[in-house]
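Colleague: my questions concern the predicted model and sequence given below.
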Amino acid sequence: MIRSLTCFLMLCSILLLTSCGEKSDKPATAQLSKIGGQIVVPLEGTILSVYKKGMDLYGPAFASSEATGADGRFTLSVPDGEYIAVARKRTNGDTTGPVLAGDNRSDFINLVVHGDQLEMTVLAPVKIGDSRRLTEETAATRTGLTGLVIDSDGSPVEGARVHVYDHVQMSERPKYVSEKTTPDGRYLIWLPKGGTYYLAARNKFGGPPKLGDLYGRYDQGTIEPSAVVVTDGKVLADVNITVTKVW
């Protein structure tokens, strides 16, 4: 009887030690920390966007707050880590797209988030001047581009923007961006001077095109984008761009 009891206790000890040594296959849940504070100038309608280090700061954010209310308060939660934050408010009410003269934008802010809630006050002054906007000054040069943005069926695309680059790789930020195309798909973009440019059109702004976006480059049946040569004091007409859905 004593021997049987001793064997039973030894077996229980082995099972207990084995279970303590096992590792869980469940992944650890990332610790979320809160970022909160107030955005001033303006108080209302501003969004704080947070990017991981190395992300495109002009593309889609890693996390964004809701638009601030009348008190300017915001809050959002992100995993512990290092980030870059920026506050933006566009006068046209868009949540994406270029920040133009007259919009509000803060400086880029380096953040270290760890543990307790991080409280911050963000100043987002009005942006004055924008080399990518169609201004009266650039319009006075009478140098520019015009044409249509159409889909694969030849129908006009409303609300697209034409992006103008000065390098064939088109990997950097666009040098100039048009206003949105009209209901008949037409765009007109004034340039400060003539030169050789490369064009793309899309219905979304910021970051690489995503599934479902409309995107197209100006080309003449070539693999690489085709250059357009603009002469000082002239508007190059009929520069049409076809966009298709990204799949």
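Modeller: Received the coordinates, thanks.

Colleague: what about residue 83, which SS state?
Modeller: strand (DSSP: H, G, I helix; E, B strand; the rest coil).

Colleague: how far away is it from residue 192?
Modeller: Using CB to CB, to the nearest Å, we find residue 83 at a distance of 35 Å from residue 192. Using the backbone N, CA and C atoms, a C-beta is placed for each residue, glycine as well.

Colleague: between those two, which one's more packed in?
Modeller: residue 83 (22 against 16; other CB atoms under 10 Å).

Colleague: that one pairs with what?
Modeller: Beta-bridge pairing for residue 83 (DSSP bridges): residue 52, residue 111.

Colleague: can you check the pLDDT for it?
Modeller: Here the pLDDT value assigned to residue 83 is 94.

Colleague: mind checking which residue lies nearest the centre of this structure?
Modeller: residue 59 (2.1 Å; CA atoms, centre = their mean).

Colleague: so what's residue 195 up against?
Modeller: Applying CB atoms under 8 Å, 6 or more residues apart in numbering, we find residue 195 in contact with 166, 229-230.

Colleague: list the beta-bridge partners for residue 148.
Modeller: Where residue 148 sits in a bridge, its partners, by DSSP bridges, are residue 186.

Colleague: now for it, how many residues are close by?
Modeller: If you count neighbours by other CB under 10 Å, residue 148 ends up with 19.

Colleague: can you list the low-confidence ranges for the protein?
Modeller: 1-30, 97, 128-140, 206-207 (pLDDT under 70).

Colleague: tell me the contacts of residue 147?
Modeller: 186-187, 237-241.

Colleague: tell me the gap between stretch 50-63 and the middle of its chain.
Modeller: With CA atoms, centre = their mean, to the nearest Å as the basis, stretch 50-63 stands 7 Å off its chain's centre.

Colleague: buried sites along that stretch?
Modeller: Neighbour counts over stretch 50-63 (16 or more other CB atoms under 10 Å) mark 50-51, 61, 63 as buried.

Colleague: now these as TSV including secondary structure and distance to residue 101?
Modeller: What follows is the buried residues of stretch 50-63, written out as TSV (DSSP: H, G, I helix; E, B strand; the rest coil; distance: CB to CB, whole Å):
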residue	secondary structure	distance to residue 101
50	strand	25
51	strand	23
61	coil	22
63	strand	27
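
Colleague: ok, which pair from the residues you listed is furthest apart?
Modeller: 51 and 63 (8.7 Å; CB to CB).

Colleague: just to revisit the earlier point, and the residue nearest to the centre of the chain, that one's in a helix?
Modeller: No. The assignment for residue 59, made by three-state DSSP, is coil rather than a helix.

Colleague: so how far is residue 225 from it?
Modeller: 20 Å.

Colleague: same deal with residue 107?
Modeller: In terms of CB to CB, residue 107 sits 33 Å off from residue 225.

Colleague: and if you look at residue 37?
Modeller: Following CB to CB, the distance that separates residue 37 from residue 225 is 43 Å.

Colleague: contacts only, for residue 236.
Modeller: 144-146, 228-230.

Colleague: so what sits opposite it in the bridge?
Modeller: Applying DSSP bridges, one finds that residue 236 bridges with residue 145.

Colleague: for the remainder of this discussion, apply numbering that starts at 59.
Modeller: In the new count, where the first residue is 59, that last one comes out as residue 294.
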